[in-house]
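Colleague: starting from these lines, generate the structure:
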Amino acid sequence: MAKQTANKNLRSAKTDKKDEFYTQLSDIEKELKHYRNHFKDKVVLCNCDDPRVSNFFHFFSYNFERFGLKKLIATCYKSQESDLFSQKISEQAIYLEYTGDKNGNNVPDVEEIGIKHLKGDGDFRSAECIELLKEADIVVTNPPFSLFREYIAQLVEHDKKFVIIGNLNALTYRDIFKLIKENKLWFGHSIHSGDREFRVPEDYPLNAASSRIDDEGNKYIRVKGVRWFTNLDYNERHEDLILFKNYNSEEYPTYDNYNAINVDVTKLIPMDYEGVMGVPITYIDKYNPDQFEILGMASSAGYNEEIVGIPFVGVKDARPIINGKNTYARVFIKNKKL
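Modeller: Residues are numbered from 1 along each chain as shown. Below you'll find the model as predicted:
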């Protein structure tokens, strides 16, 4: 129940300015180390980041030389503190620019970070923030979860590389799943299960039992179903899922409304089945585009041929049905190596 409360808070937060979830530095470090070769001589943009608490800005500024960056830019929404060192309050949105260490101490000092004002409120959709986006090569941030679909669409429109935090449920969005199906978007390396802790603003309500306040008064909540979404490739994504089960009709029943078999657990995908299989959406955590082809997904009662990807042989409900009963959402896949 506590996790459900935290998840509900996360989904609804953006609508009332409680959509600020600050990613932990340890989670950023664990993920970004797998993309180090992608960042050399690149401009990195963190465009949903309060510089007072942004661990993305912290990570890249302290690892600027190690990653061989060209420039780091972070935009901040209005009413945040414009100077992360002096604690002065400003109603004006700002952005920060950092081009690396100048005095040889390998620390991003105050005088090395350019603090500039924006004309607008710092919304990532504003014209001036889009100009900063155009300058960037790679975007790395934790965008508003409620605006995730719109945020991804903007990145795709401007043909940007990215590593961003999102919710697993975004898979069921038609436009997000289409990108995954076309191998233009995939999950990152480091988060495949469990929950993650986020720091939240001071006025955020702590309703879940899994929330906490540290010794300095900072608030934290734990959220289930978090994933990294990226279009930067990494070697482990191309490792085959080890299969050990053989197909049998009793363990893998055929759907009433699709010519496909049901697989309840990803690790139990049969190694010898040549046809279409319906697997849990968490299969995407293990997806290797060299091993399987993603044909589509059935997650709602309405049939959409472009999304589902295989013919519907039912009458009404397009959700996968076994012996007259609905199953959970399923991704349809086919083994490329058989």
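Colleague: every contact and neighbour count from this point should use C-alpha atoms.
Modeller: Noted.
Colleague: show the contacting residues for Val279.
Modeller: Taking C-alpha atoms under 8 Å, 6 or more residues apart in numbering as the criterion, Val279 is in contact with 262-266, 269, 330-333.
Colleague: where does the chain have low pLDDT?
Modeller: Counting by pLDDT under 70, the chain shows low-confidence ranges at 1-20, 51-52, 77-91.
Colleague: break it down into its domains, please.
Modeller: Recorded structural domains for the chain (assignment: automatic domain parsing) are 2-236, 239-335.
Colleague: still on that earlier bit, among the contacts of Val279, name the buried ones.
Modeller: The neighbour-count test (16 or more other C-alpha atoms under 10 Å) marks 262-264, 266, 269, 330-333 as buried among the contacts of Val279.
Colleague: in strands, which of those appear?
Modeller: Among the buried ones among the contacts of Val279, DSSP state E puts 262, 330-333 in strands.
Colleague: could I get the residues you listed as a markdown table with distance to Asp121?
Modeller: Shown next, in a markdown table, are those (distance: C-alpha to C-alpha, whole Å):
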| residue | distance to Asp121 |
| --- | --- |
| Asn262 | 49 |
| Arg330 | 41 |
| Val331 | 40 |
| Phe332 | 43 |
| Ile333 | 44 |
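Colleague: CA atoms only: put the one helix or strand Cys129 maps to into CSV for me.
Modeller: Taking DSSP states H and E as the criterion, the element that holds Cys129 is helix 127-135. These are the backbone C-alpha positions of helix 127-135, laid out as CSV (Å, rounded to 0.1, in the frame of the first residue of the first chain):
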residue,chain,number,x,y,z
ALA,A,127,11.6,29.2,-27.4
GLU,A,128,14.8,30.2,-25.6
CYS,A,129,15.1,26.8,-24.0
ILE,A,130,14.6,25.1,-27.3
GLU,A,131,17.5,27.2,-28.6
LEU,A,132,19.7,25.7,-25.8
LEU,A,133,18.4,22.3,-26.8
LYS,A,134,19.5,22.8,-30.4
GLU,A,135,23.0,23.6,-29.1
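Colleague: report the next helix or strand after that helix in sequence order.
Modeller: strand 138-141.
Colleague: how far away from the center of its chain is that next one?
Modeller: Computed by C-alpha atoms, centre = their mean, to the nearest Å, the separation of strand 138-141 from the middle of its chain amounts to 11 Å.
Colleague: now the helix or strand following it: buried residues?
Modeller: Using DSSP H and E, the helix or strand that directly follows strand 138-141 along the chain is helix 148-157. Neighbour counts over helix 148-157 (16+ other C-alpha under 10 Å) mark 148-149, 151-152, 154-155 as buried.
Colleague: nearest to Tyr35 among the residues you listed?
Modeller: Comparing the buried residues of helix 148-157 against Tyr35 with C-alpha to C-alpha places Leu155 closest, at 18.2 Å.
Colleague: next up, the contacts around the closest one.
Modeller: Here Leu155 is in contact with 161-162 (C-alpha under 8 Å, 6+ apart).
Colleague: what's the distance between it and Asn55?
Modeller: Taking C-alpha to C-alpha, to the nearest Å as the criterion, Leu155 is separated from Asn55 by 21 Å.
Colleague: ok, Cys129 touching Gly122?
Modeller: Yes: A contact is recorded between Cys129 and Gly122 when judged using C-alpha atoms under 8 Å, the distance being 6.6 Å.
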